[in-house]
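> pasted the sequence and its predicted model underneath.
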Amino acid sequence: MFQSADYPNLLVGLDGPDDAAVWRLDESRALVVTADFFTPIVDTPYEYGAIAAANSLSDVYAMGGKPFLALNIAALPDDLPVEVASEILRGGAEKAREAGVVIAGGHTVKDKEPKYGLVAIGFVDPHQMLTKGGLRAGDALVLTKPLGFGVTTTALKRGQADDADIKEVVGWMSRLNRGASELAVEFGLRGGTDITGYSLLGHGLEMAEASGVSLRIESERIPFVSCARKYAEMGAFAGGAFDNREHFKSKIKFTRELDEPAEMLLFDPQTSGGLLLGVPQASLPGLVKKAGENSHPLWVIGEAQTGTGIEIA
């Protein structure tokens, strides 16, 4: 029904999967528009709201954009105490304010299970935009948050998670990807995405296919939260992890033998995960140095190469 040729100002949105739609306003400005929401993954309403907001804003950051405006999306049960609903919205509002974003209203409906998130809008310079198709062979692969959020929050739902582990993971999930995005734009990067429900390998494969390259990821360089292996060995994976493995594994080559928990962690769905960025080798030393000066975490985990698929070495 909608053909990209009919909408020349729609720079991103119809021709392939990316993190947000992008509409050109003029030569130096474009709007980045996205929407995201999900059911609770933690027990504390305030933290749930903050994580949901950070996750929604992440799609703007993943395009190299700066969010400025948002709308609430909420589905709440009739019997949900007003204090709980208020804390969810407060968590989202304070995270948005931290990002320099104003929440100017929204929409709420009734539902049996709470759901919350944002419609987020930002600006991006079309000439400085990050996309999944921006990788080039030779680019270093940089990840800006560790993995293991999904397996830990699933352990929480099963009553198996320790409080200290949840605190660690909540800290990462509620962390904005603003700094990582600003760093990417400063160094002129073009390839990027955020790691969410399709896991590191699923979203990495999306980037590889959109860019016409392959990825070589060194398993020993992938960062994980401190409790990820513990809960992986307990089998605390959501169904989405197994769906990811079934859907993507045919295009993944393991040249390093991993046991079942280690392999499944690479297919673990993330909420409000970090950015996966392609960094030209000439820019890598400067980017790593600047990240260190700003105390911004990042890990070099591999490289884009010619070919197809993903190799786990």
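Received it, and whenever you're ready, just let me know what you need.
> could you list every residue that touches residue 4?
10, 13-15 (CB atoms under 8 Å, 6 or more residues apart in numbering). C-betas here are computed from N, CA, C, even on glycine.
> in which helix or strand does residue 301 reside?
Using DSSP states H and E, residue 301 sits within strand 299-305.
> now that strand: buried residues?
The neighbour-count check on strand 299-305 (16 or more other CB atoms under 10 Å) flags 299, 301-305 as buried.
> now do the following helix or strand past it: which elements does it pack against?
Counting by DSSP H and E, the next helix or strand C-terminal to strand 299-305 is strand 310-312. Applying 3 or more CB pairs under 8 Å, 6 or more residues apart in numbering; DSSP states H and E, one finds that strand 310-312 contacts helix 199-211, strand 214-217, strand 252-254.
> list of residues touching the second one?
For strand 214-217, the external contacting residues (CB under 8 Å, 6+ apart) are 141, 200, 204-205, 207-208, 301-313.
> got a PyMOL select line for the buried ones in those?
Of those, the buried ones can be selected in PyMOL as follows, counting by 16+ other CB under 10 Å:
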select buried, resi 141+200+204+205+207+208+301+302+303+304+305+309+310+311+312
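> wait, doesn't residue 9 sit right on residue 24?
Yes: using CB atoms under 8 Å, residue 9 is in contact with residue 24, at 4.4 Å.
> which one of the two has more residues nearby?
residue 24 (17 against 12; other CB atoms under 10 Å).
> any chance of the buried residues of strand 299-305 in TSV, plus distance to residue 170 and pLDDT?
Listed next are these as TSV, based on distance: CB to CB, whole Å; pLDDT from 0 to 100:
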residue	distance to residue 170	pLDDT
299	20	98
301	23	98
302	28	98
303	32	98
304	32	98
305	36	98
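> nearest to residue 160, of those?
The closest of the buried residues of strand 299-305 to residue 160 turns out to be residue 299 (CB to CB; 27.1 Å).
> in terms of contact, does that closest one touch residue 223 like I think?
Yes: assessed by CB under 8 Å, residue 299 is found in contact with residue 223 at 4.7 Å.
> now the common contact residues for the two.
Common neighbours of residue 299 and residue 223, using CB under 8 Å, 6+ apart, are 143, 146.
> burial count for residue 292?
Neighbour tally, residue 292, other CB under 10 Å: 11.
> so for the helix or strand where it lies, what's the average pLDDT?
Counting by DSSP H and E, the element that carries residue 292 is helix 284-293. Confidence over helix 284-293 (mean pLDDT, whole number) is 97.
> circling back to that earlier point, between the helices and strands packed on strand 310-312, which gets nearest to residue 19?
The closest approach between residue 19 and any of the helices and strands packed on strand 310-312, judged by CB to CB, belongs to helix 199-211 at 9.2 Å.
> tell me the secondary structure of residue 5, please.
helix (DSSP: H, G, I helix; E, B strand; the rest coil).
> need the per-residue pLDDT for it.
So, for residue 5, pLDDT stands at 87.
> repeat for the one 3 residues further on
Residue 8 is assigned a pLDDT of 94 by the prediction.
> how near is it to residue 30?
With the distance defined as CB to CB, to the nearest Å, residue 8 ends up 12 Å from residue 30.
> more neighbours, these two?
Each of residue 8 and residue 30 has its neighbours counted (other CB under 10 Å); residue 30 has more, 26 against 8.
> what about stretch 278-287, start to end distance?
End-to-end distance for stretch 278-287, by CA to CA, to the nearest Å: 11 Å.
> partners of the helix or strand of the chain with the lowest mean pLDDT in the sheet?
Least confident helix or strand of the chain, by mean pLDDT, DSSP states H and E, is strand 10-12 with a mean of 95. Using DSSP bridges, the strands paired with strand 10-12 are strand 21-24 (antiparallel).
> residues in contact with the strand it pairs with?
9-13, 30-34, 63, 65, 124, 126, 129.
> what subset of those residues is buried?
Neighbour counting with 16+ other CB under 10 Å marks 10-13, 30-34, 63, 65, 124, 126, 129 as buried within the contacts of strand 21-24.
> which SS state does the closest residue to residue 131 other than its chain neighbours fall under?
Spatially, and ignoring its direct neighbours in sequence, residue 131 is nearest to residue 18 (5.7 Å; CB to CB, 6 or more residues apart in numbering). When classified by three-state DSSP, residue 18 comes out as coil.
> contacts only, for residue 18.
Counting by CB under 8 Å, 6+ apart, residue 18 has contacts 12, 63, 131-133, 193, 210.
> which of the residues you listed sit farthest apart?
Spatial extent of these (CB to CB) is set by the pair 63 and 210 at 13.2 Å.
> quick one: the strands in the stretch 1-150 of the chain, in order.
10-12, 21-24, 30-38, 66-76, 102-110, 115-124, 140-143 (DSSP state E, counting those that start in this stretch).
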